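A.B. asks: sequence plus the predicted model coming up.
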Number of protein chains: 2
Amino acid sequence: MAISVFLSIFTQKSRTMVATVVHVFVKPEFVEAFISATRENHENSVKETGNLRFDILQEPGNPTKFVFYEAYATEEAAAKHKETAHYMKWRDTVAPWMAQPREGVKHTLLFPENK
Amino acid sequence: MAISVFLSIFTQKSRTMVATVVHVFVKPEFVEAFISATRENHENSVKETGNLRFDILQEPGNPTKFVFYEAYATEEAAAKHKETAHYMKWRDTVAPWMAQPREGVKHTLLFPENK
């Protein structure tokens, strides 16, 4: 009984899907290079265990403004993204191209419920 | 030749995937009812032709604040969502529960490139 309660709590915690919306502001002269570096980061990130989405958006009326929509099956999987070689390479590559610091907000992903 | 150029332009236009990030602010006393109505909207919206994502997020530190992440294969498919019975039902149901008007920004979905 105690074990089943423990497992239930553990399972519930692990099943909380998370989705982060990150606003990214790029210096105009680096937009093309940024898209290229970000394509590589996207291609590797979607292969990570627990990754559900790694969508890259660009604002049509404001092409220096991007949004990253990153969803993971668990909080732990989201945290591990920051430890990957491809994330660290991307982060260091784009650092001098940022017009201002990135702004990210982490959310609970309510729906879809099962991925 | 002229036809193939025309078709190429047409195909390119149709292939522009769009993703809208909508910020939704709910009156605290209606949060549960809002989640229930939104679940139904989500379940129907993901069945729409051209729908790629219809993710519903909630901010953990601010449970009256939601984000809808809606991606469609084409601009046309995104526009058709607003004409569906389930969207109109949801819109009318939640109208009195809004704390302030929704704020949506439409983007071009760069990556993934093929869905």
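C.D. replies: That came through fine. Residues are numbered from 1 along each chain as shown, chains lettered A, B, ... in the order given.
A.B. asks: contact partners for A:M17?
C.D. replies: Contact analysis of A:M17 by CB atoms under 8 Å, 6 or more residues apart in numbering or on different chains lists A:L52, A:A71, A:Y72, A:A73, A:T74, A:T108, A:L109, A:K115. Where C-beta positions appear, they are placed from N, C-alpha and C, glycine not excepted.
A.B. asks: for ChimeraX, what selects the buried ones among those residues?
C.D. replies: Selecting only the buried entries of these in ChimeraX, with 16 or more other CB atoms under 10 Å in any protein chain shown as the criterion:
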select /A:52,71,72,73,74,108,109
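A.B. asks: just give me the least confident of the contacts of A:M17.
C.D. replies: pLDDT is lowest at A:K115 among these; the value there is 66.
A.B. asks: and the lengthiest strand in chain A, what's buried?
C.D. replies: For chain A, the strand with the greatest residue count under DSSP state E is strand A:98-111. Residues of strand A:98-111 classed as buried: A:V105, A:K106, A:H107, A:T108, A:L109, A:L110, A:F111 (neighbour count, 16+ other CB under 10 Å).
A.B. asks: residues of chain A that sit close to chain B?
C.D. replies: A:19, A:21, A:35, A:38-39, A:42-43, A:46, A:53-60, A:67, A:69, A:71, A:105-112 (CB under 8 Å from any CB of the partner chain).
A.B. asks: quick check: A:L110 vs B:V24, distance?
C.D. replies: 12 Å (CB to CB, to the nearest Å).
A.B. asks: contacts only, for A:V31.
C.D. replies: Per CB under 8 Å, 6+ apart, neighbours of A:V31: A:P63, A:T64.
A.B. asks: now the one helix or strand it maps to and strand A:98-111, what's the angle there?
C.D. replies: Element membership for A:V31, per DSSP states H and E: helix A:31-45. Calculated by axes from the mean of the first three to the mean of the last three CA atoms, to 10 degrees, helix A:31-45 forms an angle of 40 degrees with strand A:98-111.
A.B. asks: contact partners of the very next helix or strand once past helix A:31-45?
C.D. replies: Using DSSP H and E, the helix or strand that follows helix A:31-45 in sequence is strand A:51-59. With contact meaning CB under 8 Å, 6+ apart, strand A:51-59 is reached by A:17, A:19, A:35, A:38-39, A:41-42, A:45-46, A:65-73, A:77, A:81, A:109, A:115, B:19, B:21, B:53, B:55, B:71, B:105, B:107-112.
A.B. asks: ok, what's across the strand from the spatially most central residue of chain A?
C.D. replies: The centroid of chain A falls nearest to A:E70 when counting by CA atoms, centre = their mean (3.1 Å). On the basis of DSSP bridges, A:E70 is bridged to A:T20, A:F54.
A.B. asks: isn't it right up against A:H81?
C.D. replies: Yes: using CB atoms under 8 Å, A:E70 makes contact with A:H81 at a distance of 7.2 Å.
A.B. asks: identify the contacts common to the two.
C.D. replies: Looking at what touches both A:E70 and A:H81 (by CB under 8 Å, 6+ apart), the common residues are A:S45, A:N51.
A.B. asks: show me where pLDDT drops low in chain A?
C.D. replies: Within chain A, the segments meeting pLDDT under 70 span A:1-15, A:115.
A.B. asks: swap the cut-off to 50 and go again
C.D. replies: A:1, A:5, A:7-13 (pLDDT under 50).
A.B. asks: any idea how far the closest residue to A:F30 other than its chain neighbours lies from chain B?
C.D. replies: Once flanking residues are discounted, A:F30 sits nearest to A:W97: 3.7 Å by CB to CB, 6 or more residues apart in numbering or on different chains. The spacing between A:W97 and chain B, counted by CB to the nearest CB, to the nearest Å, is 16 Å.
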